[in-house]
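Student: predicted model follows, preceded by the sequence.
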Amino acid sequence: QVPSISLDMAGSVRIAAYDRQELIGEGGAAYVYKMRHRTGNKYAALKVLKESAHADFRRRFADEMNIGRLLQHSHIVTVYDTGEIDGMTYILMEYMEGRSLRDRLNQPINIATATTIIGQIGQALDYAHSRGVFHRDIKPENILFTADNVAKLADFGIAKLNGMRRLTSEGMLIGTPEYMSFDQAKGMSVDG
């Protein structure tokens, strides 16, 4: 069951400034809503942790919140606010209306466009790595686009921050197997 977002739950000034438009995504641990700002046509995305989420997902969501506040880059989806209100844990972030790279792969992409996307995501990764953050889930679903076709990296839900507590047991896989590096696929620690 999809929880409702009411003003009672939205004690945050930032969240209270938005009205829920529609559910735009759902994963194993969270819902993502499209939100519209009340005083204009500005949109945001609100990622809400499911009440039923396992304790490991709750810890990862908290890590994603911290990493989202740490990373500010033109090719990483901007996190506006994070927190917990009345038991609802959330991340309020930039809404990416240009869809994902996965959505665009149903038709050919020319070499110039592909090179631009690779360059933009490479800049995002270089920046994240310089701050000790390793995404660990680079895949077409996590590369999103603005309305102006600027590529941005999203979903740091399983990212690893140097010095962060280890949630994954040695030898355990986490991520999307088709896109894993050798080290990650072997359950080893990852780097840039």
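Tutor: Arrived safely. Residues are numbered from 1 along each chain as shown.
Student: in the chain, which residue is most central in space?
Tutor: Ranked by distance to the mean C-alpha position of the chain (CA atoms, centre = their mean), the top residue is Asp155 at 2.1 Å.
Student: wait, is it part of a helix?
Tutor: No - assigned with DSSP: H, G, I helix; E, B strand; the rest coil, Asp155 falls outside any helix and is coil.
Student: wait, it sits on Asn142?
Tutor: Yes - counting by CB atoms under 8 Å, Asp155 does reach Asn142; the two are 4.6 Å apart. C-beta coordinates here come from the backbone N, C-alpha and C atoms, glycine included.
Student: okay, the residue nearest to the centre of the chain: pLDDT?
Tutor: Here the pLDDT value assigned to Asp155 is 86.
Student: look up phi and psi at it.
Tutor: Backbone geometry at Asp155, expressed as degrees, to the nearest 10, gives phi 60, psi 80.
Student: contacting residues around it?
Tutor: Contact analysis of Asp155 by CB atoms under 8 Å, 6 or more residues apart in numbering lists Glu64, Asp137, Glu141, Asn142.
Student: in helices, which of those residues fall?
Tutor: Glu64 (DSSP state H).
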